[in-house]
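K.L.:
Fold the stuff below for me.
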Amino acid sequence: MVGAVVATLAGAALAGAPAPVVPPGHAPAAPAPAPAAGPLARAAAPIDPAPDGPALDSSAAAPALVHYVGQAFDTCEAPSLAVMKAWSSSPYGAVGIYFGGRGRGCPTQQELSPAWVASVDAMGWGLLPLFVGSQAPCVHAAAKRPFAIGSNPVSQGTREGGEAVRAAQALGLDVSSPLYLDIEAYEQGDAGCAATTLSFVRAWNREVSRLGYVPGYYSSADTGVQDIEAERRAGTQDLPAVMWFARWLGRPALYTESVLQPEAWTPHARIHQYAGNVTEAYGGRRLTIDRNAMDAPVARVIPLAARAAGVTAPARIPALAGVPALAGVPAAGGTPDRAGDAASSVPRP
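P.N.:
Coordinates of the predicted model:
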């Protein structure tokens, strides 16, 4: 079903995208087979167990991915339910939520809770969970430098991948949900920094995938995305399954981004953040948001009835009990600066 509408969504056609083609809460579309360059295909064999716990049993069939094609927005703080209801009249059908990570610009998230997730899902919104953890050692934003990746990026990436899954499960996000790792813009041409960041990202991806979730990746098109695309062309393994690239052109270019080859992250595995810090109002409620065009997975939300019956995501993945909690991880605040994007004037994730 999704494949039939992909061709109509290229470029500016997304500017007036309607409500979700495959609304969350309805029967999900089966994922299309990915070509060699399309990383949404799951591994046929389990990944070797990480030190934090045993691998997920690959004999159990993972739930199908839920895809959304259309427009999405993200904003630093999860809006109230009243705002989400008012924005049901907007052209947006999915919303980014900053659900975890020590590098978030808005760490408190007063509205974000399991009840909020269930309610927004019931309204028909798709959810794009963003995890803002450790950042590149050469990150541009001064506010992010205290959260630089340390001397053991593989171990750190594995730990934070487990943290991301725990945080997702606590909100009622089911297995086969995408979790998007946010790596802010960093210095181009710093080979050591890029290598450290890549090691962290790959370890994070392996752990998230091992625990039954789909590793996604958000970054500036000119830094993080360009580097990951170069690794894809080189045949590197454990890369993100979904690519969310930021280039603030003011218009969607989902399928025509210059740093991505046409076959990269297709089918159904791209999001373009094409404008940022724009203010819009629907139903009398005003928000400052980033605009996105997407053809990609959204989160699967555990039904309220299942949660009431005690069927939680950890029960579906017993291996998660072996993942230790992170200790001594501080919260963060500040205003990141995304190279290649407009400068930020409000608190950013």
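K.L.:
on contacts alone, who are the packing partners of whichever strand or helix holds Pro297?
P.N.:
Per DSSP states H and E: Pro297 is located in strand 285-298. Applying 3 or more CB pairs under 8 Å, 6 or more residues apart in numbering; DSSP states H and E, one finds that strand 285-298 contacts strand 66-74, helix 81-86, strand 92-100, strand 126-131, strand 178-182, strand 214-220, strand 242-246, strand 270-282. In short, each C-beta sits where N, CA and C put it, glycine included.
K.L.:
Which one of the ones you listed lies nearest to Glu111?
P.N.:
helix 81-86 (7.5 Å; CB to CB).
K.L.:
Show me the contact partners of that closest one.
P.N.:
Val95, Glu111, Trp116, Ser119, Val120, Met123, Trp125, Tyr282, Gly283, Gly284, Arg285, Leu287 (CB atoms under 8 Å, 6 or more residues apart in numbering).
K.L.:
chain center to it: distance?
P.N.:
22 Å (CA atoms, centre = their mean, to the nearest Å).
K.L.:
tell me the contacts of the residue nearest the centre of the chain?
P.N.:
By CA atoms, centre = their mean, the chain has its centre lying nearest to Tyr180, at 2.0 Å. Neighbouring residues of Tyr180 by CB under 8 Å, 6+ apart: Gly96, Leu128, Pro129, Leu130, Phe131, Gly216, Tyr217, Tyr218, Val242, Trp244.
K.L.:
bridging residues for the second one?
P.N.:
The partner list for Leu128 in beta bridges (DSSP bridges) reads Gly96.
K.L.:
top of the contacts of Tyr180 by neighbour count?
P.N.:
Leu128 (30 neighbours; other CB atoms under 10 Å).
K.L.:
Figure out the helix or strand that the closest residue to Ala148 other than its chain neighbours lives in.
P.N.:
In space, and not counting its chain neighbours, Ala148 is closest to Pro137: 4.5 Å by CB to CB, 6 or more residues apart in numbering. According to DSSP H and E, Pro137 maps onto no helix or strand at all.
K.L.:
Is there a neighbour count for Pro137? I'd like the number.
P.N.:
20.
K.L.:
just Thr288 next, same as before
P.N.:
As a burial measure, Thr288 scores 15 neighbours (other CB under 10 Å).
K.L.:
isn't it right next to Asn277, touching?
P.N.:
Yes - assessed by CB atoms under 8 Å, Thr288 is found in contact with Asn277 at 6.1 Å.
K.L.:
where do the helices sit along this structure?
P.N.:
Along the chain, counting by DSSP state H, helices occupy 81-86, 114-123, 153-170, 191-210, 226-233, 304-308, 313-316.
K.L.:
before we move on, the earlier item: could the helices and strands packed on strand 285-298 be laid out in JSON lines, adding distance to Ala142?
P.N.:
Formatted as JSON lines, these follow (distance: least, CB to CB, whole Å):
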{"stretch": "strand 66-74", "distance to Ala142": "22"}
{"stretch": "helix 81-86", "distance to Ala142": "31"}
{"stretch": "strand 92-100", "distance to Ala142": "19"}
{"stretch": "strand 126-131", "distance to Ala142": "21"}
{"stretch": "strand 178-182", "distance to Ala142": "17"}
{"stretch": "strand 214-220", "distance to Ala142": "16"}
{"stretch": "strand 242-246", "distance to Ala142": "19"}
{"stretch": "strand 270-282", "distance to Ala142": "18"}
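K.L.:
Quick one: closest of the ones you listed to Pro297.
P.N.:
Set against Pro297 and scored by CB to CB, the helices and strands packed on strand 285-298 come closest in strand 178-182, at 4.5 Å.
K.L.:
Quick one: mean pLDDT for that closest one?
P.N.:
Mean pLDDT, strand 178-182: 98.
K.L.:
Between strand 92-100 and that strand, find me the angle.
P.N.:
Per axes from the mean of the first three to the mean of the last three CA atoms, to 10 degrees, the angle that strand 178-182 makes with strand 92-100 is 60 degrees.
K.L.:
Parallel or antiparallel, list what pairs with strand 178-182.
P.N.:
If you go by DSSP bridges, strand 178-182 pairs up with strand 126-131 (parallel), strand 214-220 (parallel).
K.L.:
mind checking which of these is nearest Leu249?
P.N.:
Each of the strands paired with strand 178-182 has some distance to Leu249 by CB to CB; the shortest is strand 214-220, at 12.8 Å.
K.L.:
so how far is that closest one off the chain centroid?
P.N.:
That offset, for strand 214-220, works out to 5 Å (CA atoms, centre = their mean).
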